[in-house]
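Chemist: Have a look at this prediction, sequence included:
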Amino acid sequence: MTTALATIDNLTIHYGKRLAVDGVSLALAAGEIALLLGPNGAGKSTTLSAIAGSIVPTAGTISVGGQDLATAPRSARGKVGFADQPPALYEFFTVLEHVTFVAEARGQDRPEAEAVLTSLGLEKILARPCRELSFGMRQRVGLAAALVGGVELVLLDETLNGLDPHASRSARAALKAAADRGAAVLMSTHLLGVAERMCDRILLMDKGKLVADVRGPELAELLSKGPSAVEDFYVARIADEGPT
Amino acid sequence: MAMTSAELIRWSSLHEKRARTGNAVVVALVAGAALAGWVWWRTREGGLSAGSHAWLAGALAAFAVAFMRVPFHLYWRADAALLAQLPIEGGPLLDAALWRCTRAAAATTAAVAIGAAPLAEVHAELLLRHLAVAGVLGLAAALFLPAVAIWAASLVAVSQGDRIAQLRVAAGIDRERRPTPSSEGAVAPPAPSTAALGAFPGFASTLVIVGVLLGTSWLTGGDPRVPAPIVLASIAGASVLAILATRASAATMMGRILRDVSALDRQRLAALEIHPPSGIERAIGRLIGDAALPYFKDARLMRRRYPMAYALGALVFLTLVIIGIAQPDDPDSWLTAALVGATAYGLAVGARLHRPPIEHAKLSSTLPITTMARRRAKVAWVIGWWLIFVLAPALFAALRQADPIAGLALAAGGTLLVIGAATLRK
């Protein structure tokens, strides 16, 4: 049995009186790439933000690499890279400066930042200020900042959106490489076709709850049904009620 | 290897240097020269007492702004959420924040010290007293206010459940902290006490300013009932002790403070209180025709995003009404400080109306609302704010004085500047 790299237990988050995440529990294994799917407002971004440590859960525990986010926040955060939506960039830093800053905060240095940026095809815009970047470029720099520093858990919130085919391919390759070195990847997306090519697991959220967890032979069977299998599965499981 | 304080300060300074539109040294010099000019004129017109009052009013207005900006140097920052996600120790996070506070306090102190220079002509020893007050206010801005603001934020960061657990441990009821309860049966948590983030620094600022005001006559060689040197030494001593205590205790939780305070924005904005337009807003809306729609949008968003505009407006209103009722010996200094401060804020808040999240130029350009209507809406908002919070009480305050000319001239000048800028801004 694979040891869990990240464990989320009974995660519950309220926004005022609104229950955004309702008792989500899951474990992510090293090297696993998991998709977090669900309708808009299902609680995906809130879940990712809480695991990244930028939202305070109402209840529940989160641990990464055996470190509890509440009791050992610095150690736990050091293992997590998060590409938020929109990505939080220092507008007056260049691309290289921004990613180098994040790398140094994680105990790495500039060559590591350059390597990650190069792996994502960003080597030609290293000196460009972040405030001059297009939407897709910002997504890629956010992804680079999430990957840099040898993190063990990569969290992506719609980060693959807005990427051109070349960028999308290099992003998938970088995520695969991260998984191959033992990192777990949890990403929310609506680009089912792009994501299903690389995922080991599909998590489905609705109304703040985790309603499906598909992996292993079950996932293989689902994917074997054809190019729109994940979309059909999603539509079958999630009622189209509009945002609540 | 973990990031050190020096490294974080270097990164932070690099970013702020590029983001800054003006040179801080030049701004301090210009502000100091302006204050010096005013103090020189008041000294020549009314003697040492008038010059000293003018300087004190200017100094207190400048430091009131510096005090209010302290939480923005500490945690109400665009990068708070990012910094909170990174594995940076609390010590470097706190040191970088204190560095920003110290730099801002030094600039304000320098400007205010330059402003006192004309008093040297009259009495060199009394100039030193003014400089001592400037130095103590600078210490408060650099050390005392940050300590209070961090303490207030730490209260917010420690959830109520934790506080209860700590109290139980302190009271000997529990031997050690109990784990956080699970979500089973959990109810929505009580709203975090976000008011503390502004209220405690506000209260501390008031204490410092009142302390300085108690010793006003000492500045001109008088003998105040409360010995001013003792009050000033107490403020300076409290500032040093407060920051030492904060450095020792809060360094461990600065990351949590950044995370929790930045998270509050999301959680607070997720539970907005939706109010319909007020009676005054509806009345203004009826007067401006097709600009009513963008005006109601601007007014709603300003109320939610910049409630400080209304709080500060209320403060200016009260200050002017008090000046009008109290009829002080030297009203011009107080009227100038209040109206110059209100004008500066009016110009700033007028600019905010044109920027996100209040205005999205790209979106607006795609909507069937004319540019003129959008501009009129913003001018209407500025006029409404200025008329209610500043002009009406300023007229009251000026007309209550024996010689209302200076007050009326200041009110007219401020009105021209604020409304003129709002009208001309594109």
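Modeler: Noted; the coordinates are in hand.
Chemist: what sits against B:Glu7?
Modeler: Applying CB atoms under 8 Å, 6 or more residues apart in numbering or on different chains, one finds that B:Glu7 lies in contact with A:104, B:92. For the C-beta atoms, the positions are set from N, CA and C on the backbone; glycine is no exception.
Chemist: give me the element it is part of.
Modeler: Under the criterion of DSSP states H and E, B:Glu7 resides in helix B:5-19.
Chemist: Which residue is the nearest non-sequential neighbour of B:Glu281?
Modeler: The shortest distance from B:Glu281 to any non-neighbouring residue, by CB to CB, 6 or more residues apart in numbering or on different chains, is to B:Ala299 (4.9 Å).
Chemist: quick one, what contacts the one you found?
Modeler: By CB under 8 Å, 6+ apart, B:Ala299 lies in contact with B:277, B:281, B:381.
Chemist: A:Gln108 too?
Modeler: With CB under 8 Å, 6+ apart, A:Gln108 has these contacts: A:148-150.
Chemist: Over to B:Ala228?
Modeler: Taking CB under 8 Å, 6+ apart, one finds B:129, B:214-215, B:218-219 in contact with B:Ala228.
Chemist: Let's see if you can find the most crowded of the contacts of B:Ala299.
Modeler: B:Trp381 (26 neighbours; other CB atoms under 10 Å in any protein chain shown).
Chemist: Now do the SS call for that one.
Modeler: Classification of B:Trp381 by DSSP: H, G, I helix; E, B strand; the rest coil places it in helix.
Chemist: so it sits right up against B:Arg300, yeah?
Modeler: No. Counting by CB atoms under 8 Å, B:Trp381 stays clear of B:Arg300, with 10.8 Å between them.
Chemist: Now do the shared contacts for these two.
Modeler: Common neighbours of B:Trp381 and B:Arg300 (CB under 8 Å, 6+ apart) do not exist.
Chemist: I'd like to know which elements the helix or strand harbouring B:Ser154 is packed against.
Modeler: Using DSSP H and E, the element containing B:Ser154 is helix B:145-157. Packing contacts for helix B:145-157, counted by 3 or more CB pairs under 8 Å, 6 or more residues apart in numbering or on different chains; DSSP states H and E, involve helix B:24-74, helix B:90-115, helix B:195-214, helix B:228-250, helix B:254-269.
Chemist: Show the subsequent helix or strand relative to the top helix by length along chain A.
Modeler: Counting by DSSP state H, the longest helix found in chain A is helix A:165-180. Remark: after helix A:165-180, the chain's next helix or strand is strand A:184-188, criterion DSSP H and E.
Chemist: So what touches that next one?
Modeler: With contact meaning CB under 8 Å, 6+ apart, strand A:184-188 is reached by A:5-6, A:28-38, A:44-45, A:48, A:51, A:152-160, A:175, A:178-179, A:195, A:203.
Chemist: send the alpha carbons of that strand over as PDB?
Modeler: The C-alpha atoms that make up strand A:184-188 are tabulated as PDB, following Å, rounded to 0.1, in the frame of the first residue of the first chain:
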ATOM      1  CA  ALA A 184       1.900  14.700  -5.600                       C
ATOM      2  CA  VAL A 185      -0.100  17.000  -7.800                       C
ATOM      3  CA  LEU A 186      -3.700  18.100  -7.100                       C
ATOM      4  CA  MET A 187      -5.200  20.400  -9.700                       C
ATOM      5  CA  SER A 188      -8.600  21.800 -10.400                       C
END
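Chemist: Note down every partner strand of it and its orientation.
Modeler: Paired strands of strand A:184-188, with direction, are strand A:33-37 (parallel), strand A:153-157 (parallel) (DSSP bridges).
Chemist: Give me the phi and psi for the residue in chain A positioned nearest to chain B.
Modeler: At 2.7 Å from chain B, A:Gly16 is the closest residue in chain A, using CB to the nearest CB. Here is the backbone geometry of A:Gly16 (degrees, to the nearest 10): phi 60, psi -120.
Chemist: What count of nearby residues applies to it?
Modeler: 16.
Chemist: How about A:Gly150?
Modeler: A:Gly150: 18 neighbours (other CB under 10 Å).
Chemist: so who does it touch?
Modeler: Listed by CB under 8 Å, 6+ apart, the contact set of A:Gly150 reads A:106, A:108, A:112, A:181.
Chemist: Can you flag the buried ones in the residues you listed?
Modeler: Taking 16 or more other CB atoms under 10 Å in any protein chain shown as the criterion, what is buried in the contacts of A:Gly150 is A:106, A:108, A:112.
Chemist: isn't the last one right up against A:Leu147?
Modeler: Meaning A:Glu112. No. The criterion here is CB under 8 Å, and A:Glu112 misses it with A:Leu147 at 10.0 Å.
Chemist: which regions of the stretch 251-400 of chain B sit below the pLDDT cut-off?
Modeler: The stretch 251-400 of chain B contains residues with pLDDT under 70 at B:264-274.
Chemist: how about a cut-off of 90?
Modeler: B:251-278, B:290, B:293, B:297, B:300-312, B:315, B:326-338, B:340-341, B:344-345, B:355-371 (pLDDT under 90).
Chemist: thinking again about what came up before, which strands and helices lie in contact with the longest helix of chain A?
Modeler: strand A:33-37, helix A:110-119, helix A:135-147, strand A:153-157, strand A:184-188.
Chemist: 6 Å - rerun?
Modeler: Applying 3 or more CB pairs under 6 Å, 6 or more residues apart in numbering or on different chains; DSSP states H and E, one finds that helix A:165-180 contacts helix A:135-147.
Chemist: The helix it packs on and chain B, are they touching?
Modeler: No. Applying CB under 6 Å from any CB of the partner chain, one finds helix A:135-147 separated from chain B by no less than 8.5 Å.
Chemist: in that helix, what's buried?
Modeler: Buried, per 16+ other CB under 10 Å, within helix A:135-147: A:137-147.
Chemist: Check those against B:Val390 and report the nearest one.
Modeler: A:Arg138 (40.6 Å; CB to CB).
Chemist: so that closest one makes contact with A:Pro87?
Modeler: Yes. Between A:Arg138 and A:Pro87 there is a contact under CB atoms under 6 Å: 5.4 Å.
Chemist: Can you report how many residues lie near the spatially closest residue to B:Ala422 that is not a sequence neighbour?
Modeler: Leaving aside its sequence neighbours, B:Ala422 sits nearest to B:Val382 (CB to CB, 6+ apart; 4.0 Å). Applying other CB under 10 Å, we find 21 residues neighbouring B:Val382.
Chemist: I'd assumed B:Leu424 was in contact with B:Val382.
Modeler: No. Contact between B:Val382 and B:Leu424 fails when scored by CB under 6 Å: they sit 11.6 Å apart.
Chemist: Need the residues touching each of the two.
Modeler: Common neighbours of B:Val382 and B:Leu424 (criterion: CB atoms under 6 Å, 6 or more residues apart in numbering or on different chains): none identified.
Chemist: Give me the three-state assignment for the residue nearest to B:Gly221 when sequence neighbours are not counted.
Modeler: Excluding the flanking residues, the one nearest B:Gly221 by CB to CB, 6+ apart is B:Leu126, at 6.1 Å. Of the three states, B:Leu126 takes helix according to three-state DSSP.
Chemist: how many neighbours does B:Leu126 have?
Modeler: Burial of B:Leu126 is recorded as 19 neighbouring residues (other CB under 10 Å).
Chemist: and what of the one 4 residues further on?
Modeler: If you count neighbours by other CB under 10 Å, B:His130 ends up with 25.
Chemist: excluding its backbone neighbours, what's nearest it?
Modeler: Closest to B:His130 by CB to CB, 6+ apart is B:Ala116, at 4.2 Å.
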